[in-house]
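Visitor: Below are the sequence and a predicted model for it; my questions follow.
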Amino acid sequence: MYAVVRRYEGVADPAEAGRRVDEGFVPLLRQVPGFVAYYWVDAGDGVMVSTSVFEGQAGAEESVKRAADFVRDNLASLLPNPPQVTAGQVVAAG
């Protein structure tokens, strides 16, 4: 498995960002081959973190492209700062 974690800081309206991600982005992500799971977390203080899990690296890389497009087209006003993106192979899971 392969995972991608994105950390967004300075989120203007976490509730609205969550709604848009749930209604718009999650359905797009489910279409990516190898999709396993996705989580969007409100960490407080204007910080939101997403975690995407895929069967392989190709799906994870596709999710990064789709996330960038979705943020640009639908969330730019709510997520004013580019995310910190970390990706890699899952070496342990529970």
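Guide: Cool, got the structure.
Visitor: which ones are touching Asn81?
Guide: Tyr8, Glu9, Gly10 (C-beta atoms under 8 Å, 6 or more residues apart in numbering). Where you see a C-beta, it was placed from the backbone N, CA and C, and this is true even at glycine.
Visitor: The first one: what's it in contact with?
Guide: Neighbouring residues of Tyr8 by C-beta under 8 Å, 6+ apart: Ala17, Val47, Met48, Val49, Ser50, Leu79, Asn81, Pro83.
Visitor: From Asn81, how far out is the residue nearest to Tyr39 when sequence neighbours are not counted?
Guide: Ranked by C-beta to C-beta, 6 or more residues apart in numbering and with sequence neighbours excluded, the top spatial neighbour of Tyr39 is Thr51, at 4.7 Å. Separation of Thr51 from Asn81 (C-beta to C-beta, to the nearest Å): 18 Å.
Visitor: rewinding a little: quick one: which of the contacts of Asn81 sit in strands?
Guide: Tyr8 (DSSP state E).
Visitor: Next, format the contacts of Asn81 as TSV and append pLDDT and distance to Pro27.
Guide: Shown next, in TSV, are these (pLDDT from 0 to 100; distance: C-beta to C-beta, whole Å):
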residue	pLDDT	distance to Pro27
Tyr8	95	20
Glu9	96	26
Gly10	96	26
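Visitor: Closest one to Ala58 out of the contacts of Asn81, please.
Guide: Set against Ala58, the nearest of the contacts of Asn81 by C-beta to C-beta is Tyr8 (24.0 Å).
Visitor: Which strand residues bridge the closest one?
Guide: Note on Tyr8: beta-bridge partners by DSSP bridges are Met48.
Visitor: Spell out which helix or strand contains Val26, please.
Guide: helix 26-30 (DSSP states H and E).
Visitor: right, I mislabeled it, should have said Ala15
Guide: Going by DSSP H and E, Ala15 is in helix 14-20.
Visitor: buried stuff in that helix?
Guide: Pro14, Ala17, Gly18, Arg20 (16 or more other C-beta atoms under 10 Å).
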